[in-house]
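Novice: Pasted the sequence and its predicted model underneath.
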Amino acid sequence: MMCQRTCSFFPVNMKDKIKLLFVCLGNICRSPAAHGIMQEFVDREGLTDRIYVDSAGVAGWHIGELPDRRMRSHAADRGYALMHRGRQFDAKTDFSAFDLILVMDEENYSDITHQAHNETERLKVHYLAEYMQHHRGQHVIPDPYYGGADHFESVIDLIEDACQGLLNAIQDGTIS
């Protein structure tokens with residue numbers, strides 16, 4: 001089930017800092033890649049003081065660990081440094097701390113929305129794939145963990161597309 005792109009909780013004129021949280025299963029492949037890629041895009045646009053980026057995992061298996069070495073390697077080949085240390089999503093603090101929670105697949109969406117305490121929190125959860133501009137038929141960001149190099153490259157392509165679309169939407173106010 002895809003979410004709607006209209007997010008009425010966003011600051012209308014970007015006076016307040018927008019806080020984005022990317023979430024995948026273990027916080028070692030997709031969400032730290034999205035975190036690193038989005039951070040690079042935000043920095044390039046000079047919006048670091050306006051957009052805060054973080055990532056987390058549904059599960060706590062990799063708390064404190066760097067992202068998967070394969071994801072770090074493929075991201076580094078494109079100029080992205082993935083240095084985030086894994087952490088687990090915390091419903092008590094993350095729903096109130098973040099304006100938009102971007103998940104990678106249906107399982108992540110279900111896991112996070114089931115932790116929401118109310119409809120306002122549920123409405124913060126969206127699929128990152130909603131923001132893709134060039135891969136519009138893709139509804140999720142698949143987990144590359146059990147795949148080869150081509151899977152990691154493909155996932156980075158999808159994340160770059162979605163992060164650019166998300167940044168564009170923030171800048172042009174279509175999610176305000």
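Specialist: Looks like it arrived, so ask away. Numbering: from 1, shown residues only.
Novice: For residue 101, pull up the helix or strand it's in.
Specialist: Using DSSP states H and E, residue 101 falls within strand 100-103.
Novice: Would you mind listing the buried residues in stretch 129-136?
Specialist: Across stretch 129-136, burial judged by 16 or more other Cβ atoms under 10 Å covers 129, 130, 131, 132, 135. Where you see a C-beta, it was placed from the backbone N, CA and C, and this is true even at glycine.
Novice: and the lengthiest helix in the chain, what's its mean pLDDT?
Specialist: Looking across the chain with DSSP state H, the single longest helix is helix 149-172. Per-residue pLDDT over helix 149-172 has a mean of 97.
Novice: Contacts for it next, please.
Specialist: Helix 149-172 is contacted by residues 5, 10, 14, 18, 20, 29-30, 33-34, 37-38, 41-42, 45, 47, 51, 70-71, 74-75, 78, 102, 128-135, 138, 141-144, 175 when judged by Cβ atoms under 8 Å, 6 or more residues apart in numbering.
Novice: roughly how far is that helix from the heart of the chain?
Specialist: How far helix 149-172 lies from its chain's middle: 9 Å, per Cα atoms, centre = their mean, to the nearest Å.
Novice: could you point out where the chain is predicted with low confidence?
Specialist: 1-15, 176 (pLDDT under 70).
Novice: just so I have it, where are all the helices in it?
Specialist: Per DSSP H, the chain carries helices over the ranges 30-44, 69-77, 91-97, 106-113, 119-122, 149-172.
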